[in-house]
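**Q** Give me a model of this one.
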Amino acid sequence: MKIYRAGERVAPGTYKQLNSARIVRLEQEDYLPASLNGRLACFERVESSWEELLQQYASYPPQTPSL
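**A** Numbering: from 1, shown residues only. The predicted model follows:
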């Protein structure tokens, strides 16, 4: 797992701040934001958040068993 720091320029994607529930979504290459509490913010890249997985699951048509 690679750790990214606030102010670091990163590729588009979803990033989770370590030791926090904060999620940052970047649509294009950009800089990760500061924590605004005086502490260094560190992030890890997340492939899919729970919210995204639930939305994908909800969009699947219900499957009925074939008899």
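**Q** Go through the helices and strands of the chain and name the one with the lowest mean pLDDT.
**A** When the helices and strands of the chain are scored by mean pLDDT, DSSP states H and E, helix 50-59 comes last with a mean of 70.
**Q** what are the ranges of the strands in the chain?
**A** Applying DSSP state E to the chain gives strands spanning 3-5, 9-10, 13-17, 23-26, 30-31, 42-46.
**Q** residues in contact with the nearest residue to residue 9 once chain neighbours are set aside?
**A** Spatial nearest neighbour of residue 9, excluding adjacent residues (CB to CB, 6 or more residues apart in numbering): residue 31 at 5.3 Å. All C-beta spots, glycine's among them, are computed from the backbone N, C-alpha and C. Residues counted as contacts of residue 31 (CB atoms under 8 Å, 6 or more residues apart in numbering) are 7, 8, 9, 10.
**Q** filter those residues to the buried ones?
**A** Neighbour-count burial (16 or more other CB atoms under 10 Å) applied to the contacts of residue 31 gives residue 10.
**Q** Reformat the strands of the chain as JSON lines; add mean pLDDT and distance to residue 57.
**A** What follows is these, written out as JSON lines (pLDDT from 0 to 100; distance: least, CB to CB, whole Å):
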{"stretch": "strand 3-5", "mean pLDDT": "96", "distance to residue 57": "28"}
{"stretch": "strand 9-10", "mean pLDDT": "96", "distance to residue 57": "27"}
{"stretch": "strand 13-17", "mean pLDDT": "93", "distance to residue 57": "17"}
{"stretch": "strand 23-26", "mean pLDDT": "92", "distance to residue 57": "18"}
{"stretch": "strand 30-31", "mean pLDDT": "97", "distance to residue 57": "29"}
{"stretch": "strand 42-46", "mean pLDDT": "94", "distance to residue 57": "17"}
